[in-house]
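# Here's a sequence, model it:
(one chain, ligands or ions: 1)
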Amino acid sequence: MKHTINKHSWAEPYKMKMVELLKMTTRQQRIKAIKKAGYNTFLLKSEDVYIDLLTDSGTNSMSDRQWGAFMTGDEAYAGSKSYYKLEAAIQKYYGYKYIVPTHQGRAAENILSKILIKKGDIIPGNMYFTTTRLHQELAGGIFADIIIDEAHEPLNDHPFKGNVDLAKLYKLVKEHGASKIPYVSLATNVNLAGGQPVSMANLKELRAYTSQHKIRIIHDMTRVAENAYFIQQREEGYDKKTIKEIVFEICSLTDGATMSAKKDALVNIGGFMATNEWDVFEEARNLVVVYEGLHTYGGLAGRDMEAIAVGIAESLDDNHQRARVGQVEYLGHRMMEYGVPIVKPIGGHGIFVDAKAFLPHLTQDQFPAQTLAAEMYIDSGVRTMERGIVSAGRKANGENYYPQLELVRFTIPRRVYTQAHMDVIAESAANVYDKRKSIKGLKMVYEPKYLRFFQAKFQKM
Ligand SMILES: *Cc1c(COP(=O)(O)O)cnc(C)c1O
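From the prediction side, this is the model:
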């Protein structure tokens, strides 16, 4: 028989050498566990979780090469060899001149915000990110969302929903003056929009305009490799370019960056700040000593810096990224087949289920996304997380933000789960969807002051 399938599916460019055994739980055990956790999936014990999709942050599987590099970590307090390896990797692959390592992304945000933001400054950004905006606000800045409107529409399948709406930026500059805007906070593969990319064309326009007005672009490059993959797949003129080339080009259009290496860079902890400006670097090098540690380790062990340096290179491999995003897309398509409402197009690091469409009988004050995340856990032990009204928090005046998007994030750790796991997740989402009409909402019974989604507690209505 002749086969005529002319197709090469994505598949993992690696094989397994070690596995981690998981505990299988019963529905009764899970009901008890989620109740005890105040219906907040962040408060579950991970041993009670079967498939952990809470986050793709620090949950990566490291490669044999990374573990090998771990053993070569130079744990010198000052001038560690591992620091110079990390610096060289960042300069080679991202092109930034000066770097300061930090223990994770938010520490880089803290330092950079303190240096660049003065009280009353406006910080335009392509959608907020929780820790990024909080550090901007704590430094006295006021965040202004300048992402295109399409990003707020879950069903709009614009290929570059992470794009900046330049008209929104022009308006801010006109209103406040460029001197009030120290930088544009530009995230690649925008997390809270559902892992949606920025196009190179948009970034080039943004660069031209900001250069003219002497406004920096600070790049939240946590998911830059995934963004580059989408540019390669979707943007004219980029299909023959490698992810390495595209990432380098993106970085070259910006002035500095903060990075959580716990995402694209394939490690479990780490981050850094990068800048092309000597003055900013000087100050950052000073501040990092206050908050993190000496500027040649910044809160990281030498072995962590080794693993990041190797992880950066691995993350820019075309086959890695194709399998990474391919797995996410596989899950998304399975869920769509079952009619589960998800954000489109499918993003780079996870599936975002539209909780407003899933549970239309709940008001936003009944926390539809928080509710749905709890139901998913009860059904199958799959742990997801809320990205809606709870995550959005409160404004400075105490009022709740009411974000347009009320989502449950199914985040896929890199190189961790199999295609069979993806099937279990999709089937579970379908089960919960089948009985959606009987699902009741939640009320919040404990609310922490900062980043409440991490520790808030709820009860069933
Ligand atoms: C995770 C993340 C951060 C913060 O990094 P941490 O390492 O968690 O401190 C900042 N921005 C984006 C887009 C992120 O996804």
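# any chance you could map the helices in the stretch 251-400 of the chain?
278-291, 302-315, 318-337, 355-358, 368-380, 389-392 (DSSP state H, counting those that start in this stretch).
# nearest to K214, of the ones you listed?
Taking C-beta to C-beta as the criterion, helix 278-291 is the member of those that comes nearest to K214, at 14.3 Å. (C-beta placed from N, C-alpha, C; glycine too.)
# Check which helices and strands the closest one is in contact with.
strand 98-102, helix 105-116, strand 271-275 (3 or more C-beta pairs under 8 Å, 6 or more residues apart in numbering; DSSP states H and E).
# Export those as TSV, with columns for distance to the ligand.
Formatted as TSV, the helices and strands packed on helix 278-291 follow (distance: least, C-beta to the nearest ligand atom, whole Å):
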stretch	distance to the ligand
strand 98-102	8
helix 105-116	2
strand 271-275	5
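# winner for burial among those?
strand 271-275 (a mean of 29; mean count of other C-beta atoms under 10 Å).
# So what's the model's average confidence on it?
Averaging pLDDT along strand 271-275 yields 98.
# all strands of the chain, in order?
Counting by DSSP state E, the chain has these strands, from start to end: 51-52, 98-102, 122-125, 142-145, 183-187, 216-220, 256-260, 271-275, 350-354, 382-383, 385-387, 407-411, 442-446, 457-460.
# Give the other helices and strands that the least confident helix or strand in the chain by mean pLDDT contacts.
Least confident helix or strand, the chain: helix 389-392 with a mean of 90, by mean pLDDT, DSSP states H and E. Counting by 3+ C-beta pairs under 8 Å, 6+ apart, the packing neighbours recorded for helix 389-392 are helix 368-380.
# between the helix it packs on and strand 407-411, how big is the angle?
Put simply, helix 368-380 runs at 50 degrees to strand 407-411, going by axes from the mean of the first three to the mean of the last three C-alpha atoms, to 10 degrees.
# how big is the angle separating helix 368-380 from strand 350-354?
Helix 368-380 and strand 350-354 are oriented at 120 degrees to each other (the same axes, to 10 degrees).
# Next, the angle from helix 368-380 to strand 442-446.
Using the same axes, to 10 degrees: helix 368-380 against strand 442-446 is 100 degrees.
# From here on, call the first residue 16.
That works, and once the first residue is 16, the last one we named lands at helix 383-395.
# Show me what counts as buried in helix 383-395.
With burial defined by 16 or more other C-beta atoms under 10 Å, the residues of helix 383-395 counted as buried are 383-395.
# residues in contact with R45?
Shown in contact with R45 (C-beta atoms under 8 Å, 6 or more residues apart in numbering): 63, 392-393, 396.
# Pick out the most distant pair among the residues you listed.
D63 and I393 (11.4 Å).
# what's around K186, how many residues?
14 (other C-beta atoms under 10 Å).
# Could you check how far it is from the ligand?
25 Å (C-beta to the nearest ligand atom, to the nearest Å).
# try A154
15 Å.
# What of L36?
Taking C-beta to the nearest ligand atom, one finds L36 at 27 Å from the ligand.
# So R148 sits against G140, correct?
Yes: counting by C-beta atoms under 8 Å, R148 touches G140, with 7.5 Å between them.
# which residues do these two both contact?
Counting by C-beta under 8 Å, 6+ apart, the shared contacts of R148 and G140 are F158.
# got a list of what the residue in the stretch 166-315 of the chain that the ligand sits nearest to touches?
Nearest residue of the stretch 166-315 of the chain to the ligand (C-beta to the nearest ligand atom) works out as S275 at 3.1 Å. Shown in contact with S275 (C-beta under 8 Å, 6+ apart): 72, 119-121, 123, 237, 286.
# so what's W25 closest to, chain neighbours aside?
G341 (3.1 Å; C-beta to C-beta, 6 or more residues apart in numbering).
# Number of residues surrounding the one you found?
So G341, with other C-beta under 10 Å, has 15 neighbours.
# what do you get for G88?
For G88, the neighbour count with other C-beta under 10 Å is 19.
# so who does it touch?
Counted by C-beta under 8 Å, 6+ apart, G88 has contacts 95, 97, 316-321.
# Recalculate using a threshold of 10 Å.
Contact analysis of G88 by C-beta atoms under 10 Å, 6 or more residues apart in numbering lists 95-97, 100, 315-322.
# likewise H348?
Counting by C-beta under 10 Å, 6+ apart, H348 touches 357, 361, 366, 437, 441.
# same check, this time on V325
77-78, 80-85, 100-101, 104, 280-282.
# run the last query once more with 6 Å
Taking C-beta atoms under 6 Å, 6 or more residues apart in numbering, we find V325 in contact with 80-81, 84.
# Which ones among the residues you listed map onto helices?
Counting by DSSP state H, the part of those found in helices is 80-81, 84.
# Just the buried subset of the residues you listed, please.
For the ones in helices among the contacts of V325, buried by 16+ other C-beta under 10 Å: 81, 84.
# And the ones in helices among the contacts of V325, which is closest to the ligand?
Taking the ones in helices among the contacts of V325 together and measuring to the ligand by C-beta to the nearest ligand atom, the closest member is Q81, at 17.4 Å.
# Reformat the buried residues of helix 383-395 as TSV; add pLDDT.
Formatted as TSV, the buried residues of helix 383-395 follow (pLDDT from 0 to 100):
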residue	pLDDT
P383	97
A384	97
Q385	97
T386	98
L387	98
A388	98
A389	98
E390	98
M391	98
Y392	98
I393	98
D394	98
S395	98
